[in-house]
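Asker: 3D model of this:
(2 chains)
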Amino acid sequence: MTTGKNFLATRWGIVSVGGLIGILAPLLQKWGNPANMGVCVACFDRDIAGAVGLHRAAVVQYMRPEIIGFVLGALIAAYAFKEFRSRAGSAPIVRFVLGAFAMIGALVFLGCPWRAVLRLAGGDGNAIFGLLGLIGGIWVGTLFLKGGYNLGRSQKTHTSVGWLLPLIMLGFLVLMLIFPQVQGQEKSGVLFYSIKGPGSMHAPLFVSLMIGLLIGFLAQRSRFCTMGAIRDFVLFKQTHLLFGFIALVVVAFIVNLILGQFNPGFAKQPVAHTMSLWNFGGMVLAGLAFALAGGCPGRQLFLAGEGDGDAAVFVLGMIVGAGFAHNFSLASSPDGVGPYGIPAVIIGLLTCLFIGFTMRKEVA
Amino acid sequence: MSNVVDARGLSCPQPVLLALNEIKKINKGEIVILVDTDTSKENVSRAATTQGWDVEVEKVEEKYRLVLKKD
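Answerer: Below you'll find the model as predicted:
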């Protein structure tokens, strides 16, 4: 028999969670996070990479408590509902590479799927090209899935394996408390802190952490996934996750209107550029990498919180990918794509195709 | 004897893909799907129900045995 009904996994459950994120993300912007970036998993992982010095782009360095909260909130939910399952061993290196290229693609567009819809809900028309790219990339991913692509099986493993990423996040939080931000200083102990740019803009630590924990908890229970929303619709004509994603954009749009954060247009949008082809291309790469890896960057954090060691490797791949993206000048800026951004997207796409075409054997 | 699909250890969307492939193959009767996460249990149940199949869930230790039936 089933063990109790999970309301959050129902149609109304996922709509409620998407809607709640649609309220909280614009509020985080009002309370200090950068514009149209209330929550952006790619941007925030990138800021974390900067905070620990994996890249030295001075404007994007901050240990984002939302990300820490996402993982730990999911961990708490998984334990509260007896769903914590430590598992690993399903093509970890492939997940690492997919995470790195997903990040590179997202940073060419300047946002993950969460931020793509938050940008749209804030009036940024460039996000339309990013979302089209995302859909295109996921569509290619579904062709591989139909053709038998899979990552192989994971194995049940020691509980401690599933605890490692949550412990890393806990460690990051401890570092933040030991080395708190000092006004006007770009370093506090071992941590880097932006004094200007998006990295310097953030809601108070406690607020960010609490909202992160809440979203992490609810998203673990509801299985909220932005990539899955599009993939399941394309692959199975299933609208379950899609309703959550749509709820996010609709509610965020309304909340932005109420808060006076809706500014329609293409030019001079916050933390965005107007090179449509590469807004599209960057997200084709990100969408394909997310589809091949089985989850959007948010979902990978929630899975890592419930014990999935392979999702944890994807997360680490994203953080390291952000290091490459800024050290190699692949990431875009409001001026446009970085000097090496375009070749990086092409290499990323070729890598994804290589993975997609070659991992088609039947699983044992 | 019902067809058994072992989807344990597979990540999204493999369990649903395998279940739907089996559903297409036999059209009616009984299919057993083995999964090991709550997410897979919910996803396979949701997909099968949409196709008009009845789903019974049995929990075996930390795993689930889903019995899909259609007359």
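Asker: Now whichever residue of chain A sits closest to chain B: closest residue in space that isn't a chain neighbour?
Answerer: As assessed by C-beta to the nearest C-beta, chain B sits closest to residue A:153 within chain A, at 3.3 Å. From N, CA and C alone the C-beta is placed, and that goes for glycine too. Distances taken as C-beta to C-beta, 6 or more residues apart in numbering or on different chains place residue B:9 nearest to residue A:153, at 3.3 Å, with adjacent residues excluded.
Asker: Stretch A:20-31: which residues count as buried?
Answerer: Taking 16 or more other C-beta atoms under 10 Å in any protein chain shown as the basis for neighbour counts, the residues of stretch A:20-31 that come out buried are A:20-29.
Asker: Quick one: mean pLDDT over stretch A:16-34.
Answerer: Per-residue pLDDT over stretch A:16-34 has a mean of 98.
Asker: chain center to it, what's the gap?
Answerer: Relative to the chain's own centre, stretch A:16-34 is displaced by 15 Å; criterion: C-alpha atoms, centre = their mean, to the nearest Å.
Asker: Same check on stretch A:294-310?
Answerer: Chain-centre distance of stretch A:294-310: 10 Å, with C-alpha atoms, centre = their mean.
Asker: Quick one: residues contacting residue A:36.
Answerer: Contact criterion C-beta atoms under 8 Å, 6 or more residues apart in numbering or on different chains gives A:29, A:111, A:115, A:118-119, A:121-122, A:124, A:269-272 as the residues in contact with residue A:36.
Asker: Of those, select the buried ones using a ChimeraX command.
Answerer: Per 16+ other C-beta under 10 Å, the buried members of the contacts of residue A:36 correspond to this ChimeraX selection:
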select /A:29,111,115,118,119,121,122,124,269,270,271,272
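Asker: Among the contacts of residue A:36, which lie within helices?
Answerer: The subset of the contacts of residue A:36 located in helices under the criterion DSSP state H comprises A:29, A:115, A:118-119, A:121.
Asker: where's residue A:279 relative to residue A:133, distance?
Answerer: Remark: distance between residue A:279 and residue A:133 (C-beta to C-beta, to the nearest Å) = 7 Å.
Asker: ditto for residue A:310
Answerer: As judged by C-beta to C-beta, residue A:310 and residue A:133 stand 25 Å apart.
Asker: more neighbours, those two?
Answerer: The residue with more neighbours, out of residue A:310 and residue A:133, is residue A:133; 27 against 24, by other C-beta atoms under 10 Å in any protein chain shown.
Asker: Quick check: residues of chain A near chain B?
Answerer: A:1-3, A:6, A:9, A:81, A:83, A:85, A:87, A:90, A:145, A:150-151, A:153-156, A:223, A:225, A:228, A:231-232, A:235-236, A:238, A:240, A:294-295, A:308, A:310, A:363 (C-beta under 8 Å from any C-beta of the partner chain).
Asker: PyMOL command for the buried members of those residues?
Answerer: Selecting just the buried residues from the residues of chain A next to chain B in PyMOL takes one command, with 16+ other C-beta under 10 Å as the test:
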select buried, chain A and resi 6+9+81+83+85+87+90+145+150+151+153+154+156+223+225+228+231+232+235+236+238+240+294+295+308+310
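Asker: mind listing which of the residues of chain A next to chain B are in helices?
Answerer: Those of those lying in helices (DSSP H): A:145, A:228, A:231-232, A:235-236, A:240, A:310.
Asker: Need the pLDDT of the residue of chain A closest to chain B.
Answerer: Turning to residue A:153, the model gives it a pLDDT of 96.
Asker: distance between the helix or strand that contains residue A:319 and the chain's centre?
Answerer: Secondary structure assignment for residue A:319, by DSSP states H and E: helix A:309-327. When C-alpha coordinates are averaged (C-alpha atoms, centre = their mean), helix A:309-327 and its chain have centres 11 Å apart.
Asker: Now do it: which elements does it pack against?
Answerer: Helix A:309-327 makes packing contacts with helix A:41-51, strand A:87-88, helix A:92-109, helix A:159-178, helix A:297-305 when contacts are defined by 3 or more C-beta pairs under 8 Å, 6 or more residues apart in numbering or on different chains; DSSP states H and E.
Asker: Tabulate the ones you listed (JSON lines), appending mean pLDDT.
Answerer: What follows is those, written out as JSON lines (pLDDT from 0 to 100):
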{"stretch": "helix A:41-51", "mean pLDDT": "98"}
{"stretch": "strand A:87-88", "mean pLDDT": "97"}
{"stretch": "helix A:92-109", "mean pLDDT": "98"}
{"stretch": "helix A:159-178", "mean pLDDT": "98"}
{"stretch": "helix A:297-305", "mean pLDDT": "98"}
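Asker: and the residue of chain B nearest chain A?
Answerer: Of all residues in chain B, residue B:9 sits closest to chain A, with a separation of 3.3 Å (C-beta to the nearest C-beta).
Asker: and that residue, what is it in contact with?
Answerer: For residue B:9, the contact set (C-beta under 8 Å, 6+ apart) comprises A:87, A:90, A:153-156, B:36.
Asker: can we see that at 10 Å?
Answerer: Contacts of residue B:9 were listed using C-beta atoms under 10 Å, 6 or more residues apart in numbering or on different chains, and they are A:87, A:89-90, A:151-156, A:363, B:15, B:34-37, B:40.
Asker: Any figure for the gap between it and residue A:203?
Answerer: Relative to residue A:203, residue B:9 is positioned 39 Å away (C-beta to C-beta).
Asker: Likewise for residue A:59?
Answerer: Shown here: residue A:59 relative to residue A:203, a distance of 18 Å by C-beta to C-beta.
Asker: Residue B:16 now?
Answerer: Plainly put, residue B:16 is 37 Å away from residue A:203 if you go by C-beta to C-beta.
Asker: more crowded one of the two?
Answerer: Looking at residue B:16 and residue A:203 with other C-beta under 10 Å, you find the greater number of neighbours at residue B:16, namely 24 against 21.
Asker: Is it correct that the more buried one is in contact with residue B:44?
Answerer: Yes: with the criterion set as C-beta atoms under 10 Å, residue B:16 and residue B:44 qualify as a contacting pair; they are 5.7 Å apart.
Asker: overlap in contacts of those two?
Answerer: Taking C-beta under 10 Å, 6+ apart as the contact rule, the neighbours common to residue B:16 and residue B:44 are B:7, B:33, B:35.
Asker: I am finished for the moment; much appreciated.
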